[in-house]
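**Student:** No sequence on hand, only this structure:
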């Protein structure tokens, strides 16, 4: 059954979109990431214009993050104070990012920047996660009980505006989460992702937040950042396809529920290792596409 | 059966045309389309339009369909530090957004180069101009080929010349296919009657391609009220997420 997407201006099979939404929703529920880093490249791959894919995916992530955050909230795994600080940075960053997106689109370099961002960030994060999870798995079998220090003191703790984040058991400068929020906001607008795959490791490794509250808090702020991206893309570029978003999110919200349930049965290190492998696979595919000689050196610019 | 209905209406229309043709001796060709409006609705997956007509006496038929002209920006990639990057840009001032041609005989046998170029018959004869200051003839040719190749790959320029079928000596018909990604706008369908390499009769018919119903409403709303559209899109997403949570909370 074909459906015509009014903004993407193309006709796609309804079940393909529902299936894509479901599969990626499952993975996003499993790993606690928005799934945008998988969905956006996939949408571009099936022929959706990159500008429409990025903007529409932001809209879809709003929905999957809401259903995800509600589940975490009930378990008390959302640090609202930390979320709010990240969010202030995120709104500023995503607003800047949408502007940057329009500018790069005018230059004809947006596809390259999208691909390069994916390669650089997915590659780095994927490698770090893989190394970390392999090390933890090996350590656990060797020395069973070496207690981790609650926090380590670094230069980060010397920054001003120190704030207490009770739920995260942290007393750190608010500048750090603000900066992380801004940076992820920019990526969110350019890459069409929620930014969970950057936000989650940043919260664990840079801020030192306990793993339990990381996913809920990251989902909480992603809702607002992606809502901001959706609004700005709809307002400035008219690239949000509501019909496409509804089809994807129908599959995604259902898939995410099953994913979250499956995730509860796996160990943290195993999850991190699996996510790392998946992230590296997407990164490798995009990197390969940049290296290989394209079929046609000439390409059409954006119509709008 | 839409095919059968189409055939019946085609025959009826041909008879009517035939009558018209005999009445007006001066006019040596008439043609019409099975529809003048192509509606892009929610289930749109491309469509066929039937062109049919009749000629008085001998002659060959050339049919050209073109979508509204638009400026087209193109990029060319080259390798920079191992990766492929858009390094050159060129803008054609006008290029048809859709182009297809159908003929009753191979075009080279019907029309000489001069005629083909004047009427832009065939993809080779399309006038796709680049600012001369920016591109030498050689370079311009490469860009032009690139544009045609890209449009052909997306299905908007016909890869092959269609064939106009004659039923007997006077009636002709051709099925025109519009793919699902056709741009909207006012199309022109030109029918030429050629004799001995000259155009002896020509007729231009408009064909409108437009979004109809909910597709059109969504598109117009998105373009005219971007802010409200954005708010509604977010509201739908919030509702959907909340509903999913409710639906799965108990299970």
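**Tutor:** Yes, it's here. Here the structure is a predicted model, which means the values were calculated and not measured. Numbers count the residues shown, from 1 in each chain, chains lettered A, B, ... in the order given.
**Student:** Remind me what the strand or helix carrying residue B:71 packs against, helices and strands.
**Tutor:** Using DSSP states H and E, residue B:71 falls within strand B:69-80. On a contact count with 3 or more CB pairs under 8 Å, 6 or more residues apart in numbering or on different chains; DSSP states H and E, strand B:69-80 meets strand A:298-300, strand B:83-96, helix B:137-153. Every residue, glycine included, has its C-beta placed from N, CA and C.
**Student:** okay, these, which one's buried deepest?
**Tutor:** Neighbour counts averaged per stretch over those are highest for strand A:298-300, at a mean of 19; criterion: mean count of other CB atoms under 10 Å in any protein chain shown.
**Student:** hmm, that one in reach of chain B?
**Tutor:** Yes - shown here: strand A:298-300 in contact with chain B (CB under 8 Å from any CB of the partner chain) through A:298-300.
**Student:** quick one: residue A:54 and residue A:43, what's the gap?
**Tutor:** Remark: distance between residue A:54 and residue A:43 (CB to CB, to the nearest Å) = 9 Å.
**Student:** Check residue A:275 too.
**Tutor:** Distance from residue A:275 to residue A:43, by CB to CB: 20 Å.
**Student:** of these two, who's got more company?
**Tutor:** residue A:43 (27 against 24; other CB atoms under 10 Å in any protein chain shown).
**Student:** tell me the contacts of the nearest residue to residue B:120 once chain neighbours are set aside?
**Tutor:** Among residues not flanking residue B:120 along the chain, residue B:126 sits closest, at 5.5 Å (CB to CB, 6 or more residues apart in numbering or on different chains). Applying CB atoms under 8 Å, 6 or more residues apart in numbering or on different chains, we find residue B:126 in contact with B:95-96, B:99, B:120, B:148.
**Student:** Likewise for residue A:251?
**Tutor:** Contacts of residue A:251 by CB under 8 Å, 6+ apart are A:17-25.
**Student:** and what of residue B:69?
**Tutor:** Residues in contact with residue B:69 (CB under 8 Å, 6+ apart) are B:94-97.
**Student:** Can I take it that residue B:174 is in a helix?
**Tutor:** No - counting by DSSP: H, G, I helix; E, B strand; the rest coil, residue B:174 is not part of a helix but strand.
**Student:** isn't it right up against residue B:164?
**Tutor:** Yes - Residue B:174 is in contact with residue B:164 according to CB atoms under 8 Å; the separation is 4.6 Å.
**Student:** so what sits against both of the two?
**Tutor:** Among the neighbours of residue B:174, those also in contact with residue B:164 (CB under 8 Å, 6+ apart) are B:63, B:102.
**Student:** Give me the phi and psi angles of residue B:97.
**Tutor:** phi -80, psi -10 (degrees, to the nearest 10).
**Student:** Give me the distance between it and residue B:184.
**Tutor:** Counting by CB to CB - residue B:97 and residue B:184 are separated by 9 Å.
**Student:** Quick check on these two: which one has the bigger neighbour count.
**Tutor:** residue B:97 (21 against 17).
**Student:** show me the contacts for the nearest residue to the more buried one once chain neighbours are set aside.
**Tutor:** Leaving out its chain neighbours, the residue that sits closest to residue B:97 by CB to CB, 6+ apart is residue B:67, at 3.8 Å. Applying CB under 8 Å, 6+ apart, we find residue B:67 in contact with B:96-99, B:156, B:182-183, B:185, B:187, B:209.
**Student:** List the buried residues of the host helix or strand of residue A:259.
**Tutor:** Applying DSSP H and E as the criterion places residue A:259 in helix A:242-263. By 16 or more other CB atoms under 10 Å in any protein chain shown, the buried positions in helix A:242-263 come out as A:242-257, A:259-260, A:263.
**Student:** Could you check how far that helix is from the centre of its chain?
**Tutor:** Counting by CA atoms, centre = their mean, to the nearest Å, helix A:242-263 is centred 15 Å from the centre of its parent chain.
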